[in-house]
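Novice: Okay, here's the prediction I keep looking at, along with the sequence it came from:
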Amino acid sequence: MENLSKRITLTDAEKAIHKERIAFIIIDNKIKFNKNTELSHYLWAKQLKIPEKDFPNLVRGFYKNGKASFYKGNFDYDDDCINCAKTFANIIKKFCGVDSLECWCGHKVGKVGEEWESIYFVGKF
């Protein structure tokens, strides 16, 4: 299966989905946000000069419509993602200006351009 997280050429549908959300990356136990951008996490990480070998283990995700999604690799999750969700939920709430936030980890990879089903519910914060 293609590693969709490392695509360099994006379709118009992918660009639209990226622009609709607020992206985040966890680097050195700090969260960085990127909003109003068509960039994928992979392309953003390249801009941030993150070595390509480090990208698969980088916890990243996005906020959209009251929900934060955390993942790494090809939209997988592990205990690191779950811990980041718990650690950064309140910072995401504050940055996004919301009172409540659902945190999820991982995605079932679907069709490019569609929103994918989340896998693991961490909790509501």
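Specialist: Structure received.
Novice: Three-state assignment for the residue most central in space within the chain, please.
Specialist: Most central in the chain under Cα atoms, centre = their mean is G61, positioned 1.2 Å from the mean C-alpha point. With DSSP: H, G, I helix; E, B strand; the rest coil as the basis, G61 sits in strand.
Novice: What is the burial count for F62?
Specialist: Here the neighbour count serves as a burial measure; for F62 (other Cβ atoms under 10 Å) it reads 21. C-beta coordinates here come from the backbone N, C-alpha and C atoms, glycine included.
Novice: Kindly report the same for G123.
Specialist: One way to gauge burial is a neighbour count; for G123, by other Cβ under 10 Å, it gives 12.
Novice: For it, give me its contacts.
Specialist: By Cβ atoms under 8 Å, 6 or more residues apart in numbering, G123 lies in contact with 85-86, 102-103.
Novice: and it, bridged to which residues?
Specialist: Beta-bridge pairing of G123, defined through DSSP bridges, involves C103.
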